[in-house]
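S.K.: let's see this in three dimensions:
(one chain, ligands or ions: 1)
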Amino acid sequence: METMGDFFSGMPAVATRLFSFYASLQAFIVLIRTMINELIPDQTRTYVLSKLQTYWFAPPFSQLTLLIEEDHGMTPNEIYYAIQAYLDTKIPPSAERLKVGKTPGDNNLNVTIAKGQEVPDSFQNIRLKWVLGTKRDYNGFDSTFELSFDKKYKEIVLQSYLPHIIARANDLKVTDKVLKLYSRSHTQRGGDDSYDYTGDWGFTTLKHPATFDTMAMDPELKKAMIDDLNRFVARKEYYKRVGKPWKRGYLLYGPPGTGKSSLIAAMANYLKFDIYHLELNSIRSDNELKQILVSTTSKSMIVIEDIDCNAETRDRGDSLYQYEPTIAKLTLSGILNFTDGLWSSCGEQRIIVFTTNHKDLLDPALLRPGRMDMQIYMSYCTYDGFKTLASNYLGVTDHPLFGEIETLLKNTEVTPAEIGEEFMRSDDADVALGGLVEFINRKKIGGDRMEMERATKVDEGRENDDESEGIGVAST
Ligand SMILES: Nc1ncnc2c1ncn2[C@@H]1O[C@H](COP(=O)(O)OP(=O)(O)OP(=O)(O)O)[C@@H](O)[C@H]1O
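M.R.: The predicted structure is shown next:
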């Protein structure tokens, strides 16, 4: 029978060494633990241990991914564009995929994140990860932002982080916003000059330099417009309280060359609003108009120029332009709905501007209060307007010819566009102002001559009428 002594004597030398190593390791651990306990304070030990647990021992977090698509139903998704602007400021130095673009006329390169690039972010100590991806739907591919984070922070992300991004993007827009001029994309039909419009908006950068300072307008009217715009953008709560959609309609009317288009650009530059330029003649039905309206973004101006050129909007009392229901599918009521119907209330801070050279031709229904909140007459150039132009073009605020020009402008219809043209002929104020005096005099003589010819024709017409009336009477 085998005894204990036999057992130990049979144990290999390696095992003996192992035991002794274990014993010394135990002694070493006890020594280290004692040192740690004595040298590191309790609180620090607890903190380090909790961190180690979070990073090494906690189970992998249960992740939530939010998808933010470019479109939201029929409308552009505003949060998508806010995220785009926000993430452009968060591009990590380690980024491996970036997109670079440049708009014609813009000196700066536009660097944005490319599809697949991850962008880490943190908010209130929450770690978040963004990535730009694509989603395929029946219309083709659509860009989508994906946001991943620990599921337990869902409420903070929805209630605080995303609103924070929107606010940040709004701040960025105020300072950096490059305005866009949208118009509807079209393809030319074969052979003729006509176009087929696709429903999509294409855009280019709005680089119109007009501002309220450069506008030659009656100073009181200018001030009234600026006050009106300021009031409009500041009245979010007011519109909510009175139960009206946050939008405003302006009608700009007056002869060609008096600055209607320039005023639209000045308004957009002032408010930092994009412009959607719409040609009513390109729209085939009320439905199409509705779709176009909902695909525009908030904080924008929808501009319909020369609205009198559209048969639908002309006064229906004029038999020449009677509405024919079987032919036209774009109806006046569709246009009125566009300006103040239910559909017009989608989106916020929307300005609708109509322009016309012939206000008298418009259907009175279009001009009712609530549709056109402000009607602005862009007149021929007044002396105040002339002084603005002289200061902007020539840098002069006074000149011996000013008095003569003031008198001439009182008696002659000259547009700011014509005065601008004259001023561009020379940088020398004496030459340019002298040229303007000559131009207005020529115009006045031409106008007087035309007036005389018109008066002569009317007199001749009357005489002929008298003669024919005489014949008529004689024949009965
Ligand atoms: N009131 C104005 N103040 C400053 N510049 C003006 C004004 N009106 C016209 N201009 C100058 O004339 C040019 C043409 O004017 P604009 O196209 O704005 O006139 P409009 O009234 O819109 O003309 P239309 O009815 O033919 O479209 C502008 O580019 C601008 O340089």
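S.K.: spatially central residue for the chain, please.
M.R.: residue 274 (2.7 Å; CA atoms, centre = their mean).
S.K.: quick check: bridge partners of that one?
M.R.: With DSSP bridges as the criterion, residue 274 is bridged to residue 300.
S.K.: can you tell me how far residue 359 sits from residue 367?
M.R.: Residue 359 is 8 Å from residue 367, where distance means CB to CB, to the nearest Å. Heads up, the C-betas are built off the backbone N, CA and C, glycines and all.
S.K.: I meant to write residue 300 there.
M.R.: 23 Å.
S.K.: neighbour count: the two, which is higher?
M.R.: residue 300 (21 against 15; other CB atoms under 10 Å).
S.K.: so who does the more buried one touch?
M.R.: By CB atoms under 8 Å, 6 or more residues apart in numbering, the contact list for residue 300 reads 273-276, 347, 349-351.
S.K.: A strand includes residue 249, no?
M.R.: Yes: checked against DSSP: H, G, I helix; E, B strand; the rest coil, residue 249 lies within a strand.
S.K.: just give me the neighbour total for it.
M.R.: Neighbours around residue 249, by other CB under 10 Å: 22.
S.K.: just list whatever residues bridge to it.
M.R.: According to DSSP bridges, beta-bridge pairing links residue 249 with residue 352.
S.K.: that one is in contact with residue 376, isn't it?
M.R.: No: checked against CB atoms under 8 Å, the pair residue 249 and residue 376 is beyond contact range at 11.3 Å.
S.K.: contact residues of the stretch 151-300 of the chain facing the ligand?
M.R.: Within the stretch 151-300 of the chain, the positions lying close to the ligand (CB under 6 Å from any ligand atom) are 214-217, 256-262.
S.K.: these: which two are farthest apart?
M.R.: The most widely separated members of those are 214 and 256, with 18.6 Å between them, by CB to CB.
S.K.: does residue 426 touch residue 435 like I think?
M.R.: Yes: with contact defined as CB under 8 Å, residue 426 reaches residue 435; the gap is 6.8 Å.
S.K.: SS state for residue 456?
M.R.: helix.
S.K.: switch to numbering from 4
M.R.: In the new count, where the first residue is 4, that last one comes out as residue 459.
S.K.: give me the pLDDT for it.
M.R.: The model reports residue 459 with a pLDDT of 70.
S.K.: same check on residue 225?
M.R.: For residue 225, pLDDT reads 94.
S.K.: give me the neighbour count for it.
M.R.: What residue 225 shows, counting by other CB under 10 Å, is a neighbour count of 20.
S.K.: that one reaches residue 218, doesn't it?
M.R.: Yes: contact criterion CB under 8 Å: residue 225 and residue 218 qualify, at 6.4 Å.
S.K.: quick revisit: now do the shared contacts for residue 362 and residue 370.
M.R.: 254, 378.
S.K.: which two from the contacts of residue 303 end up farthest apart in space?
M.R.: Across these (CB to CB), the longest gap, 14.5 Å, separates 278 and 350.
S.K.: who has more neighbours out of these two?
M.R.: Neighbours were counted for residue 278 and for residue 350 using other CB under 10 Å; residue 278 has more, 24 against 21.
S.K.: show the pLDDT at that one.
M.R.: pLDDT, read off for residue 278, is 93.
S.K.: contact partners for it?
M.R.: By CB under 8 Å, 6+ apart, the neighbours of residue 278 are 182-185, 209, 267-268, 271, 303-304, 306.
S.K.: what's the spacing between it and residue 204?
M.R.: Computed as CB to CB, the residue 278 to residue 204 distance reads 11 Å.
S.K.: that's a strand at residue 71, yeah?
M.R.: Yes: counting by three-state DSSP, residue 71 falls inside a strand.
S.K.: what strand or helix carries residue 36?
M.R.: For residue 36, the element it lies in under DSSP states H and E is helix 16-42.
S.K.: please report the distance of residue 239 from residue 81.
M.R.: The value you get for residue 239 to residue 81, if CB to CB is used, is 15 Å.
S.K.: with adjacent residues omitted, what lies nearest to residue 220?
M.R.: residue 388 (6.1 Å; CB to CB, 6 or more residues apart in numbering).
S.K.: quick one: the one you found is in a strand?
M.R.: No: going by three-state DSSP, the assignment for residue 388 is helix, not a strand.
S.K.: that one: what's it in contact with?
M.R.: Here residue 388 is in contact with 219-221, 419 (CB under 8 Å, 6+ apart).
S.K.: determine which two of those are furthest apart.
M.R.: Longest span within these, CB to CB: 221 and 419, 11.6 Å.
S.K.: looking at those two, which one has more neighbours?
M.R.: Set residue 221 next to residue 419 and count neighbours by other CB under 10 Å: residue 419 wins out with 23 against 15.
S.K.: how much space separates that one from the ligand?
M.R.: Distance, residue 419 to the ligand, by CB to the nearest ligand atom, to the nearest Å: 3 Å.
S.K.: please name the residues that touch that residue.
M.R.: 219, 260-262, 384, 388, 392.
S.K.: once you drop chain neighbours, what's closest to it?
M.R.: According to CB to CB, 6+ apart, the nearest residue to residue 419 is residue 219 (4.4 Å).
S.K.: do you know the pLDDT at that neighbour?
M.R.: pLDDT, residue 219: 95.
S.K.: before we move on, what about residue 149?
M.R.: pLDDT, residue 149: 94.
S.K.: again with residue 365
M.R.: pLDDT at residue 365 comes out at 84.
S.K.: does it touch residue 335 like I think?
M.R.: No: applying CB under 8 Å, one finds residue 365 not in contact with residue 335, separated by 10.4 Å.
S.K.: which residues in the stretch 354-479 of the chain form strands?
M.R.: Along the stretch 354-479 of the chain, the segments classed as strands by DSSP state E, counting those that start in this stretch run 377-380.
S.K.: interface residues of it facing the ligand?
M.R.: 360, 381, 419-420, 423.
S.K.: can I get those in TSV including pLDDT?
M.R.: Output for these, formatted as TSV (pLDDT from 0 to 100):
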residue	pLDDT
360	90
381	95
419	96
420	96
423	96
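S.K.: and the residues you listed, which are buried?
M.R.: 360, 381, 419, 423 (16 or more other CB atoms under 10 Å).
S.K.: in helices only, show me those residues.
M.R.: The helices, defined by DSSP state H, take in 419, 423 from these.
S.K.: show me which of residue 239 and residue 81 is the more surrounded one.
M.R.: Neighbour totals were compared for residue 239 and residue 81, and residue 81 leads with 16 against 12 (other CB under 10 Å).
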